[in-house]
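need the 3D shape of this:
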Amino acid sequence: MNNCQMRQAARSALKQGLYAGAGAISGGIIGGPVGGLVGGIAGSIVGFVKSDPYDGVLTQLTKLDSNRQATLLKEVGGVLMTVGGATQQQLATPELFREALQQLAQQDSVRNGVWRACMYAVETM
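Next comes the predicted model:
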């Protein structure tokens, strides 16, 4: 996913969100909480129909070849150890890695580092 595709994805996601939000607000004003729910759903459907097709970052990450996935995991592990203070033992198995990621992702610096690693992996596809 290059920068142009990323901008397209952001534009389409924003467009969908605006339709959903406008529908929820309109429905809420007209029909109260239930109207907000119905309006939000209706707005989401309209946004889905009117937006351009796009793949999100998570979809792109699942499309990475196995070498790039391994590189990404290594980079994320490096972020967890360098910025988050994780140890090698905390990253030894997939379960421990996932647990450390969930725990340490509460830190802004870890989230930012993981996001940058993911974006780099997707941009170099």
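
G23 and F48 touch, don't they?
No. At 11.5 Å, G23 and F48 do not qualify as touching, with contact defined as Cβ atoms under 8 Å. C-betas here are computed from N, CA, C, even on glycine.

out of these two, which sits in the more crowded spot?
G23 (23 against 13; other Cβ atoms under 10 Å).

against P33, how distant is the more buried one?
Separation of G23 from P33 (Cβ to Cβ, to the nearest Å) stands at 14 Å.

grab the nearest non-local neighbour of G47.
Using Cβ to Cβ, 6 or more residues apart in numbering and skipping residues adjacent in sequence, the residue nearest G47 is Y19, 3.1 Å away.

those helices in the protein, which residues are they?
Taking DSSP state H, the helices of the chain run over residues 3-50, 57-62, 66-82, 94-104, 108-123.

what comes into contact with stretch 104-116?
76, 79-80, 82-86, 101 (Cβ atoms under 8 Å, 6 or more residues apart in numbering).

mind doing that once more with 10 Å?
Stretch 104-116 has contacts (Cβ atoms under 10 Å, 6 or more residues apart in numbering) with 57, 72, 75-76, 78-86, 90, 100-101, 103.

need the buried ones from the residues you listed selected in PyMOL.
Selection command for PyMOL covering only the buried members of these, criterion 16 or more other Cβ atoms under 10 Å:
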select buried, resi 72+75+76+79+80+81+83+84+86+90+100+101
